[in-house]
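Asks: Sequence and predicted model, in that order:
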Amino acid sequence: MKSYLTQECIESLKKYVSYGRSTLERTVAPEVSLLQKDPSSPVVCHVTGFFPRGVMVTWQKKGEDHYDDVELRETVPNEDGTFQTTSRLTVKDWQTEDYTCIVQHKSLEEDIVK
């Protein structure tokens, strides 16, 4: 039993991990869009189709980080194994101010700015 656990089991585990390595290490870039139902609704930065799960979604106002009135939703899986999330910005002066949604992800060489 000791031989099995310290040798055979470890070799089998290494073999099976190598089979899934390409899937586990893949990266898929996100698609980003800004949505708004009507002028009085929050602006939504919708980020979808990315893998792996970790993503950073932030807002800027006139080039400076903006945290007020921002709601980041939970990251959830898509049916194809990728992920999606949204960040909502609720402001009254969005038409007169310069707001941007910034998305950072492992798959990107440069941040996506919308």
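Replies: Perfect, I can see it now. Numbering: from 1, shown residues only.
Asks: for stretch 49-64, how far is the first residue from the last?
Replies: 27 Å (Cα to Cα, to the nearest Å).
Asks: With stretch 24-44 instead?
Replies: This stretch, stretch 24-44, spans 30 Å end to end (Cα to Cα).
Asks: in it, what's buried?
Replies: Using 16 or more other Cβ atoms under 10 Å as the test for burial, stretch 24-44 gives 28-30, 32, 42-44. Using the backbone N, CA and C atoms, a C-beta is placed for each residue, glycine as well.
Asks: Identify, from those, the entry nearest to L89.
Replies: Nearest to L89 among the buried residues of stretch 24-44: V43, at 4.7 Å, using Cβ to Cβ.
Asks: which residues are contacting stretch 97-106?
Replies: Contacts with stretch 97-106, where a contact means Cβ atoms under 8 Å, 6 or more residues apart in numbering, come from 27, 29-30, 32, 34, 43, 45, 47, 50, 52, 54-63, 66, 87, 89, 91, 111-114.
Asks: Could you pull out the strands in this structure for me?
Replies: Ranges of strands within the chain are 31-35, 43-50, 55-61, 64-66, 70-72, 76-77, 83-89, 99-105, 112-113, based on DSSP state E.
Asks: So for the helix of greatest length in the chain, what gets flagged as buried?
Replies: Determined from DSSP state H, the single longest helix within the chain is helix 9-24. Residues of helix 9-24 include none that count as buried (16+ other Cβ under 10 Å).
Asks: that older thread, among the buried residues of stretch 24-44, which pair sits farthest apart?
Replies: So, the buried residues of stretch 24-44 by Cβ to Cβ: farthest apart are V28 and P42, at 26.9 Å.
Asks: related to what we said a few turns ago, using PyMOL, define a selection of the buried residues within the contacts of stretch 97-106.
Replies: Paste this into PyMOL to select the buried members of the contacts of stretch 97-106, with burial taken from 16+ other Cβ under 10 Å:
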select buried, resi 29+30+32+43+45+47+50+55+57+58+59+61+66+87+89+91+112
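Asks: how about low-confidence regions in the protein?
Replies: 93-96 (pLDDT under 70).
Asks: Chain neighbours aside, what residue packs nearest to the residue nearest in space to the middle of the chain?
Replies: In the chain, the centroid-proximal residue (Cα atoms, centre = their mean) is V55; its distance is 3.1 Å. Leaving aside its sequence neighbours, V55 sits nearest to H105 (Cβ to Cβ, 6 or more residues apart in numbering; 4.9 Å).
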